[in-house]
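*Asks:* curious how this folds, go ahead:
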Amino acid sequence: MAATNSVLIIDDEVMHLRALVDMLRDEYTVYAERDGTHSLESALKLKPDLILLDILMPGTNGFDEIKRLKNDEHTKNIPIIFLTGLNAPEDEVRGFLHGAVDYITKPFNAHAVKMRVQHQIQIVNLLREVRHNSVTDTLTNIGNRRYFNDLLNQEWERAKRQQSPIGLLILDIDYFKTFNDRYGHLNGDVVLKTVAHIISAQTVRASDRVARWGGEEFAVILPNTAIAGAKKVANAILAAIKSTNIVLNDNQTIRVSASIGVHCYIPERDGVYSELEFIADADEALLLAKKKGRDCICTFEEIEK
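*Replies:* Below you'll find the model as predicted:
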């Protein structure tokens, strides 16, 4: 079974590295780094779940390296256990003040090492599960409204820095209330899960993100995408939804359609036009699609000013 968690060990002593690797490699993916000055670079490249960091190393020390790791946005949340032969209480306190979560003393006791590493990995996995659940829609297993808000803010700021376009699709399943009244909410859940899967399948770039906006509405964030590209994605989603036979709980097969509002924008660096206005304008395009009879896409540019 493939290891699901990774550990980066940073220690200049080959004997110590080999011993720790042998202790941990059966349960984790283990990386070894002898040059302590490369701790940040290795962590950025390998993205480990946990770092074991020696305190005394040539050219640097664990206290300086943990500062570098904690000051970097991409590595600041990786837990760090210090490896040390220092036994003075003030050294231990100093390590905790710098952000270490635990100490492993030399010479190593295999049982103690495994238990301390296991404890931190359990915390990492628990926090990861909590974060996942907090931003995941439990029915469709895609991002929820919080996920959408957080991600749009990130991508909006990125587009502002890079002066690149960002696209947004807001999709609404047509006549969904009528469907629920006729077929029941459990079958409505089947439709929601199916449509979520279809939308995800049509957003093929790794940077594109799908979220459940609320109720029967979904949103798609398309970084670095101008209006032509956004319309292409919207049309592909629309066609895929219309052509999919959805099997309900009683094995009855139905089809649904959707309306999509499309908007693209390059955010100004002065922030005159906000991401909230961006969302509102995409929503206005969705309303126009509904007014036109549904089962179509409309862009914000089509709205009569």
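*Asks:* how about the helix or strand hosting residue 15, which residues are buried there?
*Replies:* Residue 15 is part of helix 14-24 when elements are defined by DSSP states H and E. For helix 14-24, the neighbour count (16 or more other CB atoms under 10 Å) marks 16, 17, 19, 20, 23, 24 as buried. In short, each C-beta sits where N, CA and C put it, glycine included.
*Asks:* could you do stretch 149-161 as well?
*Replies:* Applying 16+ other CB under 10 Å to stretch 149-161 flags 149, 151, 152, 155, 156, 159, 160 as buried.
*Asks:* distance from the chain centre to it, please.
*Replies:* 13 Å (CA atoms, centre = their mean, to the nearest Å).
*Asks:* check stretch 184-202 too.
*Replies:* For stretch 184-202, the distance to the chain centre is 22 Å (CA atoms, centre = their mean).
*Asks:* before we move on, what about stretch 39-57?
*Replies:* 22 Å.
*Asks:* can you get me the start-to-end distance on stretch 29-44?
*Replies:* 16 Å (CA to CA, to the nearest Å).
*Asks:* meant to ask about stretch 153-173
*Replies:* End-to-end span of stretch 153-173 (CA to CA): 25 Å.
*Asks:* where in this structure is pLDDT low?
*Replies:* When residues are selected by pLDDT under 70, those of the chain lie in 1-3, 87-89, 304-305.
*Asks:* what segments of it are helices?
*Replies:* 14-24, 39-46, 62-71, 89-98, 110-134, 145-162, 176-183, 185-202, 227-243, 275-291 (DSSP state H).
*Asks:* now render those as JSON lines, adding distance to residue 257.
*Replies:* Formatted as JSON lines, the helices of the chain follow (distance: least, CB to CB, whole Å):
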{"stretch": "helix 14-24", "distance to residue 257": "54"}
{"stretch": "helix 39-46", "distance to residue 257": "46"}
{"stretch": "helix 62-71", "distance to residue 257": "51"}
{"stretch": "helix 89-98", "distance to residue 257": "58"}
{"stretch": "helix 110-134", "distance to residue 257": "32"}
{"stretch": "helix 145-162", "distance to residue 257": "23"}
{"stretch": "helix 176-183", "distance to residue 257": "10"}
{"stretch": "helix 185-202", "distance to residue 257": "10"}
{"stretch": "helix 227-243", "distance to residue 257": "5"}
{"stretch": "helix 275-291", "distance to residue 257": "11"}
